[in-house]
Every structure is written in C-alpha cells, then in structure tokens.
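Engineer: predicted model and sequence below, questions to follow.
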Amino acid sequence: MKRITSVLLIIHLFQSCSQRSNTEAQVDLISKVENGLSTRVYIEGDSTWTIEERMKHYGIPGVSIAVIHNGEIAWTKGYGVTDKESQTPVTTQTLFQAAATSMPVTAYGALRLVEQGKVSLDEDVNSYLKSWLVPENEFTKEEKVTVRNLLNHSAGIHPRGTGSYSVDAETPTLVEILKGTPPASNEPITVNKKPGESVRFAYASYVPIQQMMLDVEDKSFPEIMHELVLQPLEMDNSTFNQTLTPEQLTKVAIGYLQDGSMVKGGRNIQPAMASGGLWTTAEDYAKFLTNVQQTLKGKRSNGLPKDLTELMGTPYGVRNSRWSFTLGLGFQLLNRNDEIYLRHHGWNTGFYAEIVAHRDKGYGVVVMTNSTFPEFNAEVMRSVAQTYGWDSYVPVHKKMKIEPSSVDEITGRYQSDDVIIEVYQKDNQMFYKNILREEGVELIKVSDSLFVRRNSSLFIQFKPDAENGAVNLQYLSRNDRAVISTLVKVPNDKKYPVEFLLEGDFENALIAYKNLKELDPIHPMVTEAYIDDIGYDFYHEHRMTLSLNTFKVNMMLYPDSYKVYDSYAEACMKAGKTDLAILNYSKSLELNPQNNNARHKLKELQKSE
C-alpha cells in the first residue's frame, strides 16, 4: 500500500512540475512576443519594440491578440482599453469589427451552401438571385458571373467598395446598395471587365454573394451565417448583426480615427455585411482559422468538408504586380519561399484587423485593434512569427559595408512608368526614397550584389544596362530572385511634371502635364487614374496643398470626367473649403447623376451649413 501511495505521489509531483514548466514556457513566449516587435526586414543587431511602446507611438487605444500554435489556440490576450473615456480594459471577450476579414468567413458560409447542393460554384449567379440581377452588358455576353468569380474577385465587379454609414444616418437596404439608389452612397454594382479573365480585388464582389444567400435561404444574413458558420465552429461571441444586444454592447470596442478622435457613435453600420460586417473576438476568429487548418489535415468533421476547404487556400490566377498575394476563395494567399500563408486584412472606420495562418502547418495569429494603423498589426505578427519560428516569414539579414566606389555609381534618380526613385547618401549611409514621400529609408547592402530596405521584402540590385552601360535599379522577388521590374537611371537635368508640384510650382506643373499628355496621351504619369491616386496619397498624408493642386491638375486635364470633381471636392471638404466642395460635388453630380457619393456628401455639407 505504501509503495502504491509513493508511486501516486511521484506521478502527482511529476505532473505538477510538468504543468508548471509548460506554464512558465508559455509566459516566456508571451513575453518574447510582447517585446519583439520589429520592421518588415530585420537587420541583425536592430533593437525591437514592446507592444505598449508601439501602441503609444501610433495612438492605438486597444488591441486583442490570439496566437495559434500546433493547430490550436495557444493563448489570447487583450491590451489597452475599449474606450478612452471609460478606460474599460480590452479582454479576450472584447468585440471588434472584423472589417474585410469578414470575407473569408462569408466565403466559408457560401461554400456550405455549395456543400448542401443549393448553389453551384460555376453556374450563372443570376440563376440564384431573385431580388436583384447582375446587369447584362458587353462584358457578360460570353462569360457569366459565377459564385466562384465573386469569391475569388475575378468577376470584374465595379465599384471597388460600397461604404459604411454613421449610426445616425439612414441606412440603405442591400438592394439599394446593389442598384446604387439613395440612400446608398455608392455607384450601382456592375461588371466592367470580362468575368474570369483576371483577378481584381473588390469589396463589392461580396455584395451579390450576400444577396444570393438571402434569396436562396430566405432568412436574414446574420441568421444564415450563424447557422452555417458561427454556431458549428463555436464562434459564440461573434455576430453579423449590426444592431447589437445590450450584453454585446457592454463588450464592444469603440472605434477611433487616426487623429485620436472617436468615430461618431462609436462605430459605423456595415449594411454590406458579407464584406465587412462581422463583429468578433480575436479568439473566435482564431477558432475559424484552426478549423480551416485542421480540416485541411483531415482532422475535422464539423463544418465544411476538406475538398471545398481546399479551394479557399488554392491560388487563382496570376499575382498582380502591385500585390504581395494571390487570391483563393475568400483568403488572400501569401507565398514565402513556397510556404503558403492564408491571410486577410480589413479596415473599417475606426477598426483594423489582420489575420494570417500557415495553410499546411499549425501556426497563425489574429490581431484586432480599435484604430487604423496597419503597420502595428504587421509588427505584432512578425514578433509572433519570430518567437514561434515560422518558416520564411520574417527576412533576417546581416548588414555589409558599401564600398565608396559604389556610392557614386548607384546615386541618382531612377524611373519606370509612373514611379521615380531617388538613391542618395547622407551621414555615410545610403538612402532610398520614392520622390512622392517626405522621408527616405536606409538602403542596406546584404550581399555582394543585393540591397534591402527594412520596410520591404523585395531585394534591390543595381545592374548595368546591356546596351548603354547605364546603371539600372531592379526589384527582385524574395522567393526566386526573379526580376519584377526595372527602373532606368535618368539624367540629373530631366524633370517630371510631378516634381514641379512637389516644389509648389503649380503653373509649370500644369504646363509640363499638358505637354506630356499631348506628346503621349497614354503615358502612365498623365492618366486620370494615376493623378487621382497620388492626389489621394497626399490627402491621406494630410499634405493638403499638394493634394488640392494635384486634383486641380486632373480637373484641367480631364474636364469631362465626373470623378475628378468628386476627388477635388473631397479634398476641399477636408481642407475646410466648404463652398468649393459644394461647387465641385455639384459639378460631379451634373456630369453623372448616378454619383450617389456626391449626392450624399452634398446633403451632409448643406446640413452642416
């Protein structure tokens, strides 16, 4: 008897020690994550930041994190507050808007309907729609829009997004959004590219999916998603309802803008729920990701079957050169040296969420915040990846000395299409700068021929042109070192139109733009879309004089386009030039009576006068 008692005591002590050891290891890992935030490319010897330091740096009130390891949720933790006024701490039960990370969850729900035989991936989606139909036009004559097209963003849907609404504003129905009729602020949903031809990411692609699910199931979208996804996957704290219950309101995070001000009413309403309407916790979303991972390994029986789940992680089409990912059904897919990661990000007014999980291995992370600073989420994710040893996720390099003879050779400006890069030396360091940005970043030599920047995963090399011997700048893929694009070195005395704008010389900028447009009407630097893009770049950086002047150039180059007046009006509105905003929104609406955004903004401006 004494011998048995002794054995049981030893077993108990061993288990206790083992549990204590596991707990201590977990605490150590959490501490490493909390103290290991870094840049996109880590240079040996660089210091790291803490979560609290970066929250303070960006002005982020609250964060929720869920870490996945070995196919299970390893830990979840909240940081900061849900509300600056009440100072309520973020907990693992705090609800955040998932924003566009709602889309993989919606795709999962749509695939459940495929599993049940209620819809087919490759049938004309109009065969399931009742309340609204995808408009037929020249792009849909030969190829029809399908569920697959919509889920992988190859349907050619326009516009890109459909917007959200203040809690005190009139909220449109889904059909009003699809038709683009008031009070919807978006243009009508149409197809302006041949379905299946290529991928083009659009939040609006999931609005027809939402309507299809409503028409097939004859229930509300939150009910459908609860039955198909949230309940089976035990996402008990999640909902697509935009009207939250009293209990949910006690757990909800308040959204904040980048300037630190609270979103009016604490949050916006997302009637296009399929693309941005999920309220969830980091832990609940991690349950979704672990279900997908385990299903792909054949370890799950509840929810979507393996064959359909595999479609979510299978790349469709060719990667767009502007993106770092390809698209599956629902997920964006990152390829890091043939390691495939399921990922998505989402930005709603006052909320930013980002998720990533290895498709074939059991690790991942969910980071949700009640403010909108994407780089913070990325920093946390890199810290998790470094701490848990993710394959090929964070590039690590050792800095090498740049020979003085190389400095003069690579210093200068480089141009390709609509991009101009300046390489220069300062304080014995080399710097790289897109001329549209205010600051450059250090250019670091990491091998005999390769350079990197801390904020980009691409390699850079400087290579003499085979024909004229001039040194060109090339971007190389990290995966296979393939050349992605080449920028040609330009003479010091050559000046591009945008450079006049940057110097504040509007008159000569306009002359240079007109001359270039006359010489080459389709030159990338004079397209309406490009000038609009850089105008919004300045707008988001709060460089309002530059933004206004850029949009003004566009109006003078393209006076018959309703979009140029709409963009200029938005900048005027932000700059406090109300009369000019009203004048130009009115002009935009005159040119395009279907511009609901202009109509919506005019009502807003006239109400505030």
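Structural biologist: Perfect, thanks for sending it. Bear in mind that the values here come from a model prediction, so they are computed numbers and not experimental data.

Engineer: tell me the contacts of the spatially most central residue of the chain?
Structural biologist: Central residue of the chain (C-alpha atoms, centre = their mean): residue 345, 4.2 Å from the mean position. Listed by C-beta atoms under 8 Å, 6 or more residues apart in numbering, the contact partners of residue 345 are 99-101, 332, 352-355, 374, 377. The way it works is simple: take the backbone N, C-alpha and C, and place the C-beta from them, glycine included.

Engineer: equivalent analysis for residue 460, please.
Structural biologist: 432, 443, 450-453, 473-476.

Engineer: re the thing from before, quick one: the residue nearest to the centre of the chain is in a strand?
Structural biologist: Yes - assessed with DSSP: H, G, I helix; E, B strand; the rest coil, residue 345 lies in a strand.

Engineer: give me the beta-bridge partners of it?
Structural biologist: Note on residue 345: beta-bridge partners residue 354, judged by DSSP bridges.

Engineer: what's the pLDDT at it?
Structural biologist: The score at residue 345 is 97. That number is its pLDDT.

Engineer: how far away is it from residue 543?
Structural biologist: Distance of residue 345 to residue 543, given as C-beta to C-beta, to the nearest Å: 24 Å.

Engineer: ok, back up a step: among the contacts of residue 345, find me the one that's closest to residue 55.
Structural biologist: Top of the list for closeness to residue 55, among the contacts of residue 345 and by C-beta to C-beta, is residue 377 at 11.4 Å.

Engineer: host element of the closest one?
Structural biologist: Assigned by DSSP states H and E, residue 377 belongs to helix 374-388.

Engineer: which other helices and strands contact that helix?
Structural biologist: helix 2-34, helix 51-58, strand 62-69, strand 339-348, strand 351-358, strand 364-369 (3 or more C-beta pairs under 8 Å, 6 or more residues apart in numbering; DSSP states H and E).

Engineer: tell me what the fifth one is packed against?
Structural biologist: Same thing as strand 351-358. strand 96-97, helix 282-296, strand 339-348, strand 364-369, helix 374-388.

Engineer: just give me how far it sits from the chain centre.
Structural biologist: How far strand 351-358 lies from its chain's middle: 9 Å, per C-alpha atoms, centre = their mean, to the nearest Å.

Engineer: residue contacts, residue 221?
Structural biologist: Shown in contact with residue 221 (C-beta under 8 Å, 6+ apart): 210, 213-214, 240, 273-274, 277.

Engineer: next one: residue 565
Structural biologist: Applying C-beta under 8 Å, 6+ apart to residue 565 gives the contacts 555, 584-585, 587-588, 591.

Engineer: and residue 564, by the same measure?
Structural biologist: 528, 532, 551, 554-555, 558.

Engineer: may I see these arranged in TSV, with secondary structure as well?
Structural biologist: Formatted as TSV, the contacts of residue 564 follow (three-state DSSP):
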residue	secondary structure
528	helix
532	helix
551	helix
554	helix
555	helix
558	coil
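
Engineer: closest to residue 336 among these?
Structural biologist: Among those, and counting by C-beta to C-beta, the member closest to residue 336 is residue 532, at 32.6 Å.

Engineer: what about the closest one, neighbour count?
Structural biologist: 20 (other C-beta atoms under 10 Å).

Engineer: residues contacting it?
Structural biologist: Neighbour list for residue 532: 551, 554, 563-564, 567 [criterion: C-beta under 8 Å, 6+ apart].

Engineer: tell me the one of those nearest residue 253?
Structural biologist: For those, the nearest to residue 253 is residue 567 (31.6 Å; C-beta to C-beta).

Engineer: what are the boundaries of the helices in the stretch 451-600 of the chain?
Structural biologist: Under the criterion DSSP state H, counting those that start in this stretch, the stretch 451-600 of the chain contains helices at 497-502, 506-519, 528-540, 544-557, 562-574, 578-591, 596-608.

Engineer: pick the most deeply packed of those helices.
Structural biologist: Neighbour counts (mean count of other C-beta atoms under 10 Å) averaged over each of the helices of the stretch 451-600 of the chain peak at helix 562-574, with a mean of 23.

Engineer: now that helix: mean pLDDT?
Structural biologist: Helix 562-574 comes out at a mean pLDDT of 97.

Engineer: just the angle for it relative to helix 578-591, thanks.
Structural biologist: Relative orientation of helix 562-574 and helix 578-591, computed by axes from the mean of the first three to the mean of the last three C-alpha atoms, to 10 degrees: 160 degrees.

Engineer: contacts only, for the residue nearest to residue 220 when sequence neighbours are not counted.
Structural biologist: Residue nearest to residue 220 in three dimensions, not counting chain neighbours: residue 214, with 7.5 Å by C-beta to C-beta, 6 or more residues apart in numbering. With contact taken as C-beta under 8 Å, 6+ apart, residue 214 is in contact with 131, 174, 220-221, 224.

Engineer: which strand or helix spans residue 214?
Structural biologist: Secondary structure (DSSP H and E) places residue 214 in helix 206-217.

Engineer: what comes up buried for that helix?
Structural biologist: Counting neighbours by 16 or more other C-beta atoms under 10 Å, one finds that the buried residues in helix 206-217 are 206-214, 216-217.

Engineer: any idea how far residue 332 is from the residue nearest to the centre of the chain?
Structural biologist: 8 Å.

Engineer: now residue 488: closest residue in space that isn't a chain neighbour?
Structural biologist: residue 472 (5.5 Å).

Engineer: I appreciate the help and will end here.
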